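S.K.: Sequence first, then the predicted structure, then my questions.
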Amino acid sequence: MNKKDLRIHYTKRRKILSSDQISDLSLDISNQILQLPIWNLSYYHIFLSIVEKKEVDTNYILSILQGKDKNVILSKMINPHELQHFLLTDSTLIKTNKWNVPEPVEGIEIETKKIEVVFIPLLAFDRSGNRVGYGKGYYDRFLNACNNDVIKIGLSFFEATDCIDDILPTDIPLNYCVTPKEIYSF
């Protein structure tokens with residue numbers, strides 16, 4: 001399937017999920033993440049979920065990271081299709097932007113090269129670790145600016161599709177994708 005068709009298909013699948021299902025599936029995903037070999041690192045980038053898009057609820061993962069005393073990094077959308085990264089602290093003020101994306105207002109800026117693990121929102125992924133997001137390229141540009149050894153972890157309610165037909169050279173594949181029932185390693 002191509003990216004456009006996958007976006008349509010998985011957006012429809014998400015729309016039928018109830019808030020209880022999203023909560024249960026998100027908890028299952030966060031429990032799976034505990035099995036990943038990532039816990040000896042320090043800087044973890046996480047997205048804050050867009051409720052209207054029925055994304056994986058990352059609050060559970062956030063609790064795990066804070067409980068393990070990890071440095072949590074959040075992004076703010078700036079300029080056309082770029083992200084600025086801030087350390088999450090007790091005083092970080094979060095507001096939704098004009099696209100309903102929750103993001104920090106300001107804070108302690110963190111260099112992209114410091115980030116060691118990135119949790120990535122997505123709509124679909126394939127068995128080779130390719131992913132389909134919303135199509136604006138924010139994460140591809142962000143990941144391209146990270147160190148080559150950054151660990152890229154997709155989060156998905158659904159299992160892998162066989163193949164994404166229209167992968168571009170600028171698309172950056174995942175190292176892992178975590179679903180409620182399985183961890184895919186690429």
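M.R.: Nice, I can see it.

S.K.: name the helices or strands packed onto the lengthiest strand in the chain?
M.R.: In terms of residue count, the longest strand belonging to the chain (DSSP state E) is strand 71-78. Packing contacts for strand 71-78, counted by 3 or more Cβ pairs under 8 Å, 6 or more residues apart in numbering; DSSP states H and E, involve strand 43-45, helix 59-67, strand 82-87, strand 102-104. Any C-beta I mention is one placed from the backbone N, CA and C, and that applies to glycine too.

S.K.: Include mean pLDDT and mean neighbour count when you put the ones you listed into JSON lines, please.
M.R.: What follows is the helices and strands packed on strand 71-78, written out as JSON lines (pLDDT from 0 to 100; neighbours: other Cβ atoms under 10 Å):
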{"stretch": "strand 43-45", "mean pLDDT": "98", "mean neighbour count": "23"}
{"stretch": "helix 59-67", "mean pLDDT": "97", "mean neighbour count": "16"}
{"stretch": "strand 82-87", "mean pLDDT": "94", "mean neighbour count": "18"}
{"stretch": "strand 102-104", "mean pLDDT": "96", "mean neighbour count": "19"}
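
S.K.: Compile those into TSV and extend it with columns for distance to Thr112.
M.R.: Shown next, in TSV, are the helices and strands packed on strand 71-78 (distance: least, Cβ to Cβ, whole Å):
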stretch	distance to Thr112
strand 43-45	9
helix 59-67	18
strand 82-87	6
strand 102-104	15
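
S.K.: so who does Leu155 touch?
M.R.: Ile29, Val56, Thr58, Ile61, Phe119, Ile120, Pro121, Leu122, Cys177, Val178 (Cβ atoms under 8 Å, 6 or more residues apart in numbering).

S.K.: Please repeat the previous calculation with a cut-off of 7 Å.
M.R.: Ile29, Val56, Phe119, Ile120, Pro121, Val178 (Cβ atoms under 7 Å, 6 or more residues apart in numbering).
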